[in-house]
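Asks: I need the structure of the sequence given here:
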Amino acid sequence: MIKLRIDVDYPYPSRIRSFIYTALGIGMGSDYLKNSKILAKMINESPKQVKAYWFFTSKTIPDRELLELLDEDRHEVALHIANKPYEELRLLRKSTGRKVRYYTVHGTARFFARIMWKRWKAKTPKIPENYPLQSFYEYPTLDLDVLCHRCNTEKALEIANAHLEKEDVLHFHPIWLFQRGRMNDRGPYYETLRAILKVDNELQRLVIRKKAFFKMATDVREYERSVIPTKEFLEKIRLRGADIFTFIERKWCCPIANPPDSWVKTTDNIALLTITTYHEWLKSVGKKTRNMIRKAEKSGIRTAEAEPDDKLAEGIWKIYNETPIRQERSFPHYGVSLEAVKTGVLSPRNCTYIGAYYQDELTGFVQLDHGDNLTVMSQILSLQKHWDKAINNALVAKAVEVCASKNIKWLMYGRMGNHPTLDNFKQNNGCVKFELTRYYVPLTRKGKIATRLGAHREMKDALPQSIKYRLIPVYNWISRTRVRIKLGSKQKL
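Replies: Presented below is the predicted three-dimensional model:
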């Protein structure tokens, strides 16, 4: 049995809004107890045995929508005392019509919190000796939102599961579900709780990023698996703060029939390589590419599938940290720690690593992420000091050979149109520009405004190709200058 203690002390996801509305005694709005409702749905959908104890204050009384989610099999209403134990208990019982057995006390040590709750002294309210509720503090408890502030998701999950095995209670506040506290060490704990409850698997790869005045959500594995959003899926994304959800139509294997008119369409593309056999591919590419592959062999480059272990991680880390500038622009992986690379390499996932070796040194690698009806060449990098040995050509050739041996028909190598030199390399290795449709689904009023204004599209995709290519040197110069200034500042420090 997973036992949860949920202290609902703030009515809104925003602390500022919660402070103002609580201080003024206002309780209204579409996002009233929004995070609490998300938590209730997660608990209700969990295949695990869960018992949630909800501690409400007099300013966070559950509305009808939340009460309907709090069925008495999995949920129990309790009191989070702020000032007046008896008065607040009567209000909670009357408003919910539920039996109340337990209490906790709301902490107001900070000055603004005391103003909000009109508790002018930092002391907690005195609980009468004959108070009819039982204190919940006697149960061993782990503060999950504090833990997730201090640890990454994997470590927090490991610690939380250890406490659950001892039948400890997991304690958290809804306001920190997705956000990190600045003045207090709490949150975000959604990913850890999702893993504990075994829910929202379809949202595991969801990324929400801020863009202008709205937020855009996307599935980071959208190319590897077909995404056809249902109403329930879109509603979950909206509740998590997204204004637009974007995804691609995988036309090569799973075309979408009769998409809704509300889905806004744009044209997108991928660099796609269709594979039959390795020898057929080798015959189809130009003489120049075949010569480059032979050059790599003559230079002593050996390619082979690599085990995802510490040795591979250390080799990748060295490649990442060889230079801060690649392809004439700043390289985002420069400066990454060895531990972070190990975490990525050793994480279980359906992928294949191919290494290029020169005298037993890892000089380059490619990562192949295997999906449904498609494999994505997500990374292909090599040491610059060995670029004269045509390592990348050898890696692409080995990638094709591996895919052919696994009967993989389609190999994706990024997009076309973002970098002319890289586009030429892709075309020389047999990739073609495969056009597809990208959909944008507005989820909120902001999302609808953004799509009407055209703000949903990336600037680089909105520009004509001729103008984009002319601006690439300018972008590269800005990118290089920024990283040089940043590194110069660090060296001075």
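Asks: now do the strands in the stretch 1-150 of the chain.
Replies: 2-8, 50-56, 75-81, 102-105, 134-135, 141-143 (DSSP state E, counting those that start in this stretch).
Asks: same question for the stretch 351-493 of the chain.
Replies: 351-358, 361-371, 374-382, 410-412, 432-442.
Asks: minimum distance to F245: which of the ones you listed has it?
Replies: Nearest of the strands of the stretch 351-493 of the chain to F245, taken as Cβ to Cβ: strand 432-442 at 4.6 Å. Yep, even glycine has a C-beta here, placed from its N, CA and C like the rest.
Asks: chain center to that closest one: distance?
Replies: In this view, strand 432-442 has its centroid 21 Å away from the chain centroid, taken as Cα atoms, centre = their mean, to the nearest Å.
Asks: again with stretch 418-426
Replies: The chain centroid and the centroid of stretch 418-426 are separated by 29 Å under Cα atoms, centre = their mean.
Asks: list the buried residues of that stretch.
Replies: Across stretch 418-426, burial judged by 16 or more other Cβ atoms under 10 Å covers H419, L422, D423, F425, K426.
Asks: columns pLDDT and distance to D461 on top of those residues, output as JSON lines?
Replies: What follows is those, written out as JSON lines (pLDDT from 0 to 100; distance: Cβ to Cβ, whole Å):
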{"residue": "H419", "pLDDT": "81", "distance to D461": "14"}
{"residue": "L422", "pLDDT": "89", "distance to D461": "16"}
{"residue": "D423", "pLDDT": "91", "distance to D461": "15"}
{"residue": "F425", "pLDDT": "94", "distance to D461": "21"}
{"residue": "K426", "pLDDT": "95", "distance to D461": "18"}
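Asks: in this protein, which helix has the most residues?
Replies: Scanning the chain for the longest helix, with DSSP state H as the assignment, gives helix 465-492.
Asks: any low-confidence regions in the stretch 351-493 of the chain?
Replies: Residues of the stretch 351-493 of the chain meeting the criterion pLDDT under 70: 460, 462-463, 465, 489-493.
Asks: tell me which helix or strand in this protein has the weakest average pLDDT.
Replies: helix 111-117 (a mean of 62; mean pLDDT, DSSP states H and E).
Asks: still on that earlier bit, which other helices and strands does the longest helix of the chain contact?
Replies: On a contact count with 3 or more Cβ pairs under 8 Å, 6 or more residues apart in numbering; DSSP states H and E, helix 465-492 meets strand 329-330.
Asks: mean confidence for the strand it packs on?
Replies: Here strand 329-330 scores 86 as its mean pLDDT.
Asks: list the buried ones in the helix or strand just after that strand?
Replies: Counting by DSSP states H and E, the next helix or strand C-terminal to strand 329-330 is helix 338-346. The neighbour-count check on helix 338-346 (16+ other Cβ under 10 Å) flags V341, K342, V345 as buried.
Asks: equivalent analysis for stretch 352-366, please.
Replies: T352, Y353, I354, G355, A356, Y357, Y358, L362, T363, G364, F365, V366.
Asks: now, which of the residues you listed sits nearest G430?
Replies: Distances from G430 to those, taken by Cβ to Cβ, are shortest for V366, at 15.2 Å.
Asks: you'd agree that closest one is up against S382?
Replies: No. The pair V366 and S382 fails to qualify as a contact (Cβ atoms under 8 Å) at a distance of 9.3 Å.
Asks: show me what contacts the residue in the chain sticking out farthest from the centre?
Replies: For the chain, the largest distance from the centre (Cα atoms, centre = their mean) belongs to N130, which lies 48.6 Å off. Counting by Cβ atoms under 8 Å, 6 or more residues apart in numbering, N130 touches no other residue.
Asks: over to it: give its phi and psi.
Replies: phi -100, psi 20 (degrees, to the nearest 10).
Asks: give me the residue at the spatial middle of the chain.
Replies: Note: the chain centre (Cα atoms, centre = their mean) maps to V207, 4.0 Å.
Asks: what helix or strand does that residue sit in?
Replies: Element membership for V207 (DSSP H and E) is strand 206-211.
Asks: buried set for that strand?
Replies: Across strand 206-211, burial judged by 16+ other Cβ under 10 Å covers L206, I208.
Asks: which residues touch R438?
Replies: Counted by Cβ under 8 Å, 6+ apart, R438 has contacts T246, F247, I248, E249, K265, T266, T267, D268.
Asks: hmm, which of those are the buried ones?
Replies: For these, a burial check counting by 16+ other Cβ under 10 Å picks out T246, F247, I248, E249, T266, D268.
Asks: now render the buried residues of stretch 418-426 as JSON lines, adding distance to L144.
Replies: Shown next, in JSON lines, are the buried residues of stretch 418-426 (distance: Cβ to Cβ, whole Å):
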{"residue": "H419", "distance to L144": "44"}
{"residue": "L422", "distance to L144": "44"}
{"residue": "D423", "distance to L144": "47"}
{"residue": "F425", "distance to L144": "47"}
{"residue": "K426", "distance to L144": "46"}
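Asks: among those residues, which one sits closest to E322?
Replies: L422 (18.8 Å).
Asks: quick one, what contacts the closest one?
Replies: L422 neighbours (Cβ under 8 Å, 6+ apart): Q327, G414.
Asks: what separation do you get for it and I20?
Replies: 51 Å (Cβ to Cβ, to the nearest Å).
Asks: just R5 next, same as before
Replies: 27 Å.
Asks: these two: which is more packed in?
Replies: Higher neighbour count among R5 and I20: R5, with 23 against 13, using other Cβ atoms under 10 Å.
Asks: surely the more buried one is in contact with P140?
Replies: No. Using Cβ under 8 Å, R5 makes no contact with P140, being 10.9 Å away.
Asks: list residues touching both of the two?
Replies: V169.
Asks: surely I256 is in a strand?
Replies: No. Using DSSP: H, G, I helix; E, B strand; the rest coil, the secondary structure at I256 is coil, not a strand.
Asks: what's the neighbour count on it?
Replies: 15.
Asks: please apply the same query to R150.
Replies: 12.
Asks: didn't it look like it was pressed against Y189?
Replies: No. If you go by Cβ under 8 Å, R150 and Y189 don't touch, sitting 11.1 Å apart.
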